[in-house]
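Participant: Task: produce atomic coordinates for the following.
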Amino acid sequence: MVGEMEARYVTHDEARRTYDRIGRWQDARPGTERRALDALVDGGAFERARAVLELGCGTGRFAGRLLRERLPAGATYVGVDVSPRMVELARTATAPWAERTSIELSDGSMRLPGADGSVDRVVCSYVLDLLAPHDIAAFLLPLASLAPGRTPPARLVTALWQAIWRLDPALLGGCRPLTLPGLLDPGDWALRTHLTVTEWVLTSEVVIAQRR
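Facilitator: Numbers count the residues shown, from 1 in each chain. Sure, this is the predicted structure:
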């Protein structure tokens, strides 16, 4: 049974191929994530950050927003992604701040830069929902992710999403709705913010946690 479940999650190579193919179209999605990302930015106190690490930086759009609107002039940013195409796009997006940014290609492992405590913000938006449970457990936060629907239309979309995911996760890029607080060990993390927002017919969950 464990083997069967593991087979349902996309591999790092499958995710790499999917997001290489998507490329800049990643930013063309309808605004179903806007309110969740607004809450993530507001609650993450990025204006007081000194070093930020983003897991799954994608096109660099979120990084550009942080660097342009929130991060202090002396703060540094590191983004990692498994997709060479996304790394290329993110480097272009963060070029105006090249002296204090670094965009790195990940091999898909969870051995991330900053694991030694050299960063004071680790941000991850709409990435955990495509990872297998063992990768989520290894990930050491602000977080934003797809979540189970909270309104009737959103619950209908969740049911449809889960049905497609059970058929073939790769059709959805491996993403599926998650309940974020249940992934955090309360002995290690203190929950500071937890909210859900529904925009259009998709529900997102925002969690900001601080290491104890």
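Participant: For the rest of this, base every contact and every neighbour count on C-alpha atoms.
Facilitator: OK.
Participant: tell me the strands in the protein, going along the chain?
Facilitator: Taking DSSP state E, the strands of the chain run over residues 51-55, 76-81, 101-105, 121-125, 143-147, 189-199, 202-211.
Participant: Of all the residues in the last one, which ones are buried?
Facilitator: Applying a neighbour-count criterion of 16 or more other CA atoms under 10 Å, the buried positions in strand 202-211 are L202, T203, S204, E205, V206, V207, I208, A209.
Participant: Low-confidence ranges, this protein, go.
Facilitator: Residues of the chain meeting the criterion pLDDT under 70: 1-8, 23, 25-32, 109-117, 136-142.
Participant: Tell me which residues touch the spatially most central residue of the chain, please.
Facilitator: Central residue of the chain (CA atoms, centre = their mean): S125, 2.5 Å from the mean position. By CA atoms under 8 Å, 6 or more residues apart in numbering, the contact list for S125 reads L37, L55, G56, L143, A144, S145.
Participant: Next: H194.
Facilitator: H194 neighbours (CA under 8 Å, 6+ apart): P181, E205, V206, V207, I208.
Participant: what sits opposite it in the beta ladder?
Facilitator: Beta-bridge partners recorded for H194 (DSSP bridges): V207.
Participant: Make sure G44 is actually in contact with I208.
Facilitator: Yes - counting by CA atoms under 8 Å, G44 does reach I208; the two are 6.7 Å apart.
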